[in-house]
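Chemist: Could you look at this predicted model? Sequence included:
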Amino acid sequence: MTLTEKTAYIKGLCEGLEFDKKDTAEAKIIKALLDLCSDMAEELSELEADVEDLFDYCEELDEDLGDVEEVLLDEDEDDDEWDDEECDGECDECELCGECEYCDDEDYFEIVCPSCGETVCFDESVNAEDLACPACGSELGCIVDEDDVNPVED
């Protein structure tokens, strides 16, 4: 039995005892208490409905957040896996990864871009005159000579 139903039941008992027709102090108090109970029962019913709606909404948000986390975690896992075919020899991982084809190459070189400080990795098959920094786009061909190039040894 809900609070509203219990309040209605008590009001029915009072009407059966004809408290609404009596003009005593006790009857007035009982009428006021019944009105208070009725108002409180209605207010609690509305609050319960609001809480139920909020609970449902929180469950939906939790499911949506789970979907977002799944997408973000899947992307992070993809980033952690190294794929030799995707490497262009100029990525951050090439410098010390030891897993890609460029790290196994004995004629592998690196140079620091004077414009942005990015370390650019390349091998002897790359024409040094056409070399550009992948981070800032500055041409590096003019600074590539025997003294500036550091061979990387595994």
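Modeler: Looks like it arrived, so ask away. On a predicted model such as this, the values are computed, not experimentally measured, just so you know. Numbers count the residues shown, from 1 in each chain.

Chemist: pLDDT at Pro151, what is it?
Modeler: Looking at Pro151, its pLDDT reads 49.

Chemist: try Leu65
Modeler: Predicted confidence (pLDDT) for Leu65: 93.

Chemist: contacting residues around it?
Modeler: Leu65 sits next to no residue when contact means C-beta atoms under 8 Å, 6 or more residues apart in numbering. All C-beta spots, glycine's among them, are computed from the backbone N, C-alpha and C.

Chemist: State the next helix or strand along the chain beyond the longest helix belonging to the chain.
Modeler: The longest helix of the chain (DSSP state H) is helix 25-80. Scanning forward in sequence from helix 25-80 by DSSP states H and E, the next helix or strand is strand 108-112.

Chemist: which secondary structure elements does that next one contact?
Modeler: With contacts taken as 3 or more C-beta pairs under 8 Å, 6 or more residues apart in numbering; DSSP states H and E, strand 108-112 sits against strand 119-123, strand 150-151.

Chemist: Can you show me the CA trace of stretch 56-68 as PDB?
Modeler: Output in PDB follows, covering the C-alpha atoms of stretch 56-68 (Å, rounded to 0.1, in the frame of the first residue of the first chain):
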ATOM      1  CA  ASP A  56      17.000   5.900 -15.500                       C
ATOM      2  CA  TYR A  57      18.900   8.900 -16.900                       C
ATOM      3  CA  CYS A  58      22.000   8.000 -14.900                       C
ATOM      4  CA  GLU A  59      21.900   4.500 -16.300                       C
ATOM      5  CA  GLU A  60      21.700   5.900 -19.800                       C
ATOM      6  CA  LEU A  61      24.700   8.200 -19.100                       C
ATOM      7  CA  ASP A  62      26.700   5.300 -17.700                       C
ATOM      8  CA  GLU A  63      26.000   3.200 -20.800                       C
ATOM      9  CA  ASP A  64      27.000   6.100 -23.000                       C
ATOM     10  CA  LEU A  65      30.100   6.700 -21.000                       C
ATOM     11  CA  GLY A  66      31.000   3.000 -21.300                       C
ATOM     12  CA  ASP A  67      30.700   3.300 -25.100                       C
ATOM     13  CA  VAL A  68      33.000   6.400 -25.100                       C
END
